[in-house]
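# output the structure for:
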Amino acid sequence: MSDTPLNRDTLYENVLTAHLTEARTKRRWKIFFKSLAWSYVIFLTISIASSAKTNKTDDGAFMKDHVALIRLDGIVDSDEISAKKVIPLLKKAFKNEHAVGIVVSIDSPGGSPVEANEIYTEMRRLQAANPDKKMVSVIRGRGASAAYYIAAGSTQIYANKSSLVGSIGALLSTMNMHELAQKVGVEGVTITSGKHKDILNSLKPVDPEDVAIMQSMINEVAQLFQEDIIASRGDRLKKDDPTIFSGLFWTGLSAKRLGLIDDFGSVDSVAQSVFNCDNVQSYQEEFRWEDLQKYLNDLNMNMNAKIRSLLGLKSMNLS
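The predicted structure is shown next:
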């Protein structure tokens, strides 16, 4: 059948109608997801702001005698357990005259030695400046590596008998893919201003000199870690045991025998036995609008990406 002007007009009309329908559908989905996203944002903002209001240390709960609880859960790094977040909480707890003592609750596999050292150092300084206010640490699930470093900043360490404790040392992990790159025909090209600028480049052969340099650095970090643990634990630590600084970790039972912890206990039991107080108040990071803005920006980007993937859209912006 040959096309007539009417058939062509009908075809063009159908194509245009289909295109407009698809555009309207995408626009409706965009409006829907945008509304959904902003509803979540508003709910989140109200929740965070409300939580912040109840966390101020001039609220009624903090104006009565209590044990100050500082929770450290997650990875020791610049985002989760960081000196920037933890130190202000420690200072508030020591400053509050109604805080009869401080419990640092820890559940972390470790992380950054820099963050851990800064927190440890400030804990020791604050304790020395406030000898009448005792600070102890309670290791719950894990208190390993950098997390144990932080725990050692307190006067005493408690843990569960099944907690994982220790892992005193430092490590650096990398992967060398030189041989794999050769097999698939990939050649890495790196232009540097110095011999060691591309140290541990994964696409070049392992250089024994590079390994020796990095080993020396790791040893220095580990030595600083060990010295601080010895300074904190003193004669309680079984320093003659060759496994103490080998990087091993132990259960709470074995950790007590090695002098890595002082006794067994939970946050509540320690509050009662050490401070004779059952009023435990959690100190949390205060609400800051700039942190919320960063979080919301990240959330917006993540939601955009997921919505684009879901609808097959090439671009969309919810802002």
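# what about the residue nearest to residue 265 when sequence neighbours are not counted, which SS state?
Spatial nearest neighbour of residue 265, chain neighbours left out: residue 158 (4.0 Å); criterion: Cβ to Cβ, 6 or more residues apart in numbering. Every C-beta, even on glycine, is put in place using the N, C-alpha and C of the backbone. Per DSSP: H, G, I helix; E, B strand; the rest coil, the local secondary structure of residue 158 is strand.
# what does stretch 262-281 rub up against?
Outside stretch 262-281, the residues within contact range by Cβ atoms under 8 Å, 6 or more residues apart in numbering are 61-62, 64-69, 99-101, 103, 105, 134, 136, 138, 140, 156-161, 236, 252, 256.
# filter these down to the ones in strands?
Using DSSP state E, the subset of those located in strands is 66-69, 99-101, 103, 105, 136, 138, 140, 156-159.
# what segments of this protein are helices?
In the chain, the helices defined using DSSP state H lie at 5-53, 83-95, 113-129, 146-151, 178-184, 208-233, 252-257, 267-275, 289-311.
# touching, residue 78 and residue 84? I think so.
Yes - using Cβ atoms under 8 Å, residue 78 makes contact with residue 84 at a distance of 7.4 Å.
# and the buried ones among the contacts of stretch 262-281, selectable in PyMOL?
Here is the PyMOL command that selects the buried residues among these (16 or more other Cβ atoms under 10 Å):
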select buried, resi 62+66+67+68+69+99+100+101+103+105+134+136+138+140+156+157+158+159+160+252+256
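# thinking again about what came up before, and the ones in strands among the contacts of stretch 262-281, which is closest to residue 184?
Residue 184 lies nearest to residue 140 out of these, by Cβ to Cβ, at 45.8 Å.
# kindly provide the distance from that closest one to residue 18.
For residue 140, the distance to residue 18 equals 60 Å [Cβ to Cβ, to the nearest Å].
# can you tell me the closest non-neighbouring residue to the residue nearest the centre of the chain?
With the centre of the chain defined as its mean C-alpha position, the nearest residue by Cα atoms, centre = their mean is residue 80, 2.6 Å away. Nearest non-adjacent residue to residue 80, counting by Cβ to Cβ, 6+ apart: residue 74, 3.6 Å away.
# so how far is residue 136 from the one you found?
On the measure of Cβ to Cβ, residue 74 and residue 136 end up 21 Å apart.
# number of nearby residues for residue 122?
By other Cβ atoms under 10 Å, 17 other residues sit near residue 122.
# need the contact list for it.
By Cβ under 8 Å, 6+ apart, residue 122 lies in contact with 83, 87, 90, 153.
# which residues does the closest residue to residue 199 other than its chain neighbours contact?
Leaving aside its chain neighbours, residue 199 sits nearest to residue 210 (4.8 Å; criterion: Cβ to Cβ, 6+ apart). Contacts for residue 210 (Cβ under 8 Å, 6+ apart) come out as 196, 199-200.
# and residue 210, how far from residue 181?
In terms of Cβ to Cβ, residue 210 sits 17 Å off from residue 181.
# then residue 163?
Residue 163 is 43 Å from residue 181, by Cβ to Cβ.
# comparing those two, which residue is more hemmed in?
Per other Cβ under 10 Å, whichever of residue 163 and residue 181 has more neighbours is residue 163, with 24 against 15.
# quick check: the gap between that one and residue 186.
The gap separating residue 163 from residue 186 is 45 Å, by Cβ to Cβ.
# same question for residue 216.
Going from residue 216 to residue 186 by Cβ to Cβ gives 31 Å.
# so how far is stretch 264-281 off the chain centroid?
Relative to its chain's centre, stretch 264-281 lies at 26 Å (Cα atoms, centre = their mean, to the nearest Å).
# and for stretch 226-238?
From the chain centre to the centre of stretch 226-238 is a distance of 26 Å (Cα atoms, centre = their mean).
# what do you get for stretch 252-267?
Using Cα atoms, centre = their mean, the mean C-alpha position of stretch 252-267 is found 25 Å from that of the whole chain.
# same question, stretch 62-72
Chain-centre distance of stretch 62-72: 22 Å, with Cα atoms, centre = their mean.
# contacts for it, please.
Outside of stretch 62-72, the residues within contact range by Cβ under 8 Å, 6+ apart are 56, 81, 86, 89-90, 92-93, 96, 98-108, 147, 150, 267, 271, 275, 277, 279-284.
# in ChimeraX, how would I select the buried members of these?
Buried residues among the contacts of stretch 62-72 (16+ other Cβ under 10 Å), as a ChimeraX selection:
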select :81,86,89,90,92,93,96,99,100,101,102,103,104,105,106,107,108,147,150,267,271,275,280,281,283
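# pLDDT score for residue 120?
Residue 120 carries a pLDDT score of 98 in this model.
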